[in-house]
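> Give the three-dimensional model of this entry:
(chains A and B)
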2 protein chains.
Amino acid sequence: MATYNAAPLQKLIEYFERLPGIGSKTAQRLAYYVLNLPVSEAKAFANAIIDAKEKIHYCKVCCNFTDDELCPICKSTARDSSVICVVEDPRDVAAFERTQEYNGLYHVLHGTISPLNGVGPNEIYIKELLERIKDDNIKEVIMSTNPTVEGEATAIYISRLLKPMCIKVTRLAYGIPVGGDLEYADEVTLARALEGRSEI
Amino acid sequence: MATYNAAPLQKLIEYFERLPGIGSKTAQRLAYYVLNLPVSEAKAFANAIIDAKEKIHYCKVCCNFTDDELCPICKSTARDSSVICVVEDPRDVAAFERTQEYNGLYHVLHGTISPLNGVGPNEIYIKELLERIKDDNIKEVIMSTNPTVEGEATAIYISRLLKPMCIKVTRLAYGIPVGGDLEYADEVTLARALEGRSEI
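Purely as a prediction, here's the structure:
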């Protein structure tokens, strides 16, 4: 059977298909959408991809994405530079910033220790975290990796490296999510919520 | 509050957000994915967008997308050139081709008549369809617009233009979808399925 998509269109569909969470139907829809854009818009989109890829790199200090030497958070003088919140992913920084409740610095690990996937401690940005702590006047490190097996293991691994440096290492609280329903909470979460109960 | 995304990254996220069906969370995920691609891959993706946009245009005959003067279907000598299947969208051509049951030609309207949205008969590719029918040896036109109010109205409008030209105009059958559940079929569909019943 002859293919009914012209080659350049088929190629664009294939590139969209490679994006995470984009299936073949959605890829087709996105490609057709791009074809219907004005030429200038399509070019601007393509340039945005090249631009982001060329200009964005890791912040020298916290390893978050930035187009400068330092990211705006590390550069800011308004932030509390004695606290570091350690996260797995740049998206987690965005999530914390949205809360508007945290005023310290971050450190992005870009992954978790996961021996099953061949990711050891040297594959993620732990060394850079230790360097920061040596140099700076850090009082607390908040381990904010995900509440998964790998996230937990990574938090414990790093906390063991930090303890001898006389730094307070904390972990995010476990408990029932706000707006959640007790009925649907799993036992482990519920047990943790009970364990971490506080007086009202 | 300072933005935590560097400008080129934010711009890329915004471009992804404009794509249909892509919300802000997904746009962020896609942009981060692109940042993690090798430079060559990201450039190839950007080029695929520009390439598709520059090389793809409408087929001179059927108005489907093609990178040539004629699309492969119009060019093919193996197809039955006496039947035209009229569809709203290039994706519908892809859907028919996947059935491997249709061997005629297509005509892509690129929309439906929709006075509420300011789309009149001259805004879609009806004129081109009439031109084809004047010139060629067309025996049948299968109206395959969507079973929506606009699709129906467009099918009826076009059929009224074609009838005086002594051309057989047909419409896709209505009925229950294969693998569907009678219980969940809406009354209109069920009534149409009953109406169109055939002897077994």
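> And chain B, is stretch A:84-94 touching that?
Yes: against chain B, stretch A:84-94 shows contacts by Cβ under 8 Å from any Cβ of the partner chain at A:89, A:90, A:91, A:93, A:94. For the C-beta atoms, the positions are set from N, CA and C on the backbone; glycine is no exception.
> Worst mean pLDDT across the helices and strands of chain A, which element?
helix A:187-195 (a mean of 79; mean pLDDT, DSSP states H and E).
> Take the residues of stretch A:84-94 next to chain B and keep only those in helices.
Applying DSSP state H to the residues of stretch A:84-94 next to chain B, the entries found in helices are A:90, A:91, A:93, A:94.
> What lies in contact with the longest strand seen in chain A?
For chain A, the longest strand by residue count, based on DSSP state E, is strand A:80-87. Strand A:80-87 is contacted from outside by A:62, A:93, A:96, A:102-109, A:129, A:132-133, A:136-145, A:155, A:158, using Cβ atoms under 8 Å, 6 or more residues apart in numbering or on different chains.
> Report the distance from that strand to the chain centre.
Its chain's C-alpha centre and that of strand A:80-87 lie 15 Å apart, by Cα atoms, centre = their mean, to the nearest Å.
> For that strand, which residues meet the burial criterion?
For strand A:80-87, burial by neighbour count (16 or more other Cβ atoms under 10 Å in any protein chain shown) applies to A:81, A:83, A:84, A:85, A:86, A:87.
> cool, stretch A:18-26 as well?
By neighbour count on 16+ other Cβ under 10 Å, the buried set for stretch A:18-26 is A:19, A:22, A:26.
> Tell me the one of these nearest residue A:67?
Nearest to residue A:67 among these is residue A:19, at 22.1 Å by Cβ to Cβ.
> The closest one and residue A:88, how far apart?
20 Å (Cβ to Cβ, to the nearest Å).
> go on, residue A:194?
Relative to residue A:88, and taking Cβ to Cβ, residue A:194 is found at 27 Å.
> Same drill for these two, tell me which one is more crowded.
Under the neighbour definition other Cβ atoms under 10 Å in any protein chain shown, residue A:194 and residue A:88 were set side by side, and residue A:88 has more, 20 against 10.
> pLDDT score assigned to the more buried one?
Looking at residue A:88, its pLDDT stands at 92.
> Please name the residues that touch it.
A:108, A:109, A:110, A:111, A:112, A:145, A:146, A:151, A:154.
> Can you tell me which of those end up in strands?
residue A:108.
> And the contacts of residue A:88, which is closest to chain B?
Closest approach between the contacts of residue A:88 and chain B, by Cβ to the nearest Cβ: residue A:110, at 9.1 Å.
> who's in contact with the residue nearest the centre of chain A?
For chain A, the residue nearest the mean C-alpha position is residue A:89 (1.7 Å; Cα atoms, centre = their mean). Taking Cβ under 8 Å, 6+ apart as the criterion, residue A:89 is in contact with A:108, A:110, A:111, B:32.
> what's the answer for residue A:104, then?
Each residue near residue A:104 by Cβ under 8 Å, 6+ apart is listed here: A:79, A:80, A:81, A:82, A:83, A:84, A:85, A:140, A:142.
> re the thing from before, which of the residues of stretch A:84-94 next to chain B are buried? Put it as a ChimeraX command.
A single ChimeraX command selects the buried members of the residues of stretch A:84-94 next to chain B (16+ other Cβ under 10 Å):
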select /A:89,90,93,94
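> Among the residues of stretch A:84-94 next to chain B, find me the one that's closest to residue B:12.
Nearest to residue B:12 among those, with distances taken as Cβ to Cβ, is residue A:90, at 13.1 Å.
> neighbours around residue A:103, how many?
The number of residues packed around residue A:103, counting by other Cβ under 10 Å, is 11.
> Roughly how far does it sit from residue A:109?
21 Å.
> hang on, the earlier thing: quick one: the residue nearest to the centre of chain A from residue B:25, how far?
Taking Cβ to Cβ, one finds residue A:89 at 13 Å from residue B:25.
> Having no further points to raise, I will conclude here.
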